[in-house]
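[1] this one's structure only:
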């Protein structure tokens, strides 16, 4: 698997990943997670980011939607379309389609710098937060376009059902219930609930996996028939 040996191409879909330096946690609490959600939205813009560095620290939003203040702003000019995402304690996964020249690189630069500045200020630390530059792999095969969003959405199972990665999961119902309760991914939005609907573009995945009912059926089917070789070439850990 080659990591960014060629330029990232407009219209192509990529699995993008990064983790904390020395595998350290990059999300210490839900306030950090909400801030990162905000940054995924705010920095996905050709225009300069608004100066909102302290907004979510001082104003703890309880809304399920992206917490942005009511201020005048230019319409966003997207750098990427975020198709799926998942946040773990010490890393994150994104499935994105580049829509602006150099869009992924610019988006990840803004995201990494902005979140690191927030994190370092909050926790009174200095230095890098992420483990080098982000990793990415171009998703070209049709089968991988189907598997990648499912794989990304399954990552939170590592917290309670790590055996899923070896195809040894037994209690599928509890695993699905856990995913339904895990707020920090796009799974909930795809399964029929509104969580962070303004953050993601759902059409691409829903066109392939069907409506919310078909999506949930596909999730259950994949859990029951997990095939580790099927995800080779799309994982980045």
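    Received, thanks. Every value quoted in this text rests on a predicted model; they were computed, and no experiment measured them.
[2] show me how the chain divides into domains.
    Residue ranges for the domains of the chain, per automatic domain parsing: 13-137, 141-231.
[3] and those, which one averages the lowest pLDDT?
    Note on these: domain 13-137 shows the lowest mean pLDDT, a mean of 87.
[4] next one: it to chain centre, how far?
    Centroid displacement of domain 13-137 relative to its chain, using CA atoms, centre = their mean, to the nearest Å, is 9 Å.
[5] same deal with stretch 204-223?
    Relative to the centre of its chain, stretch 204-223 is centred 18 Å away, using CA atoms, centre = their mean.
[6] and the contacts of that stretch?
    13, 81, 83-84, 97, 145-147, 149-150, 153-154, 164, 169, 172, 175-176, 179, 190-192 (CB atoms under 8 Å, 6 or more residues apart in numbering). C-betas here are computed from N, CA, C, even on glycine.
[7] distance to residue 7 and mean neighbour count for the domains of the chain - can I get that in CSV?
    Below are those laid out as CSV (distance: least, CB to CB, whole Å; neighbours: other CB atoms under 10 Å):
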stretch, distance to residue 7, mean neighbour count
domain 13-137, 8, 17
domain 141-231, 20, 16
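[8] backbone dihedrals for the spatially closest residue to residue 227 that is not a sequence neighbour, please?
    Excluding the flanking residues, the one nearest residue 227 by CB to CB, 6 or more residues apart in numbering is residue 167, at 7.3 Å. Note on residue 167: backbone dihedrals following degrees, to the nearest 10 are phi 70, psi 30.
[9] helices or strands next to the longest helix along the chain in the packing?
    Counting by DSSP state H, the longest helix found in the chain is helix 103-122. Here helix 103-122 touches strand 13-19, helix 30-42, strand 80-87, strand 91-98, going by 3 or more CB pairs under 8 Å, 6 or more residues apart in numbering; DSSP states H and E.
[10] just to revisit the earlier point, return the subset of the contacts of stretch 204-223 lying in helices.
    Using DSSP H, these in helices are 145, 146, 147, 149, 150, 153, 154, 172, 175, 176, 179, 190.
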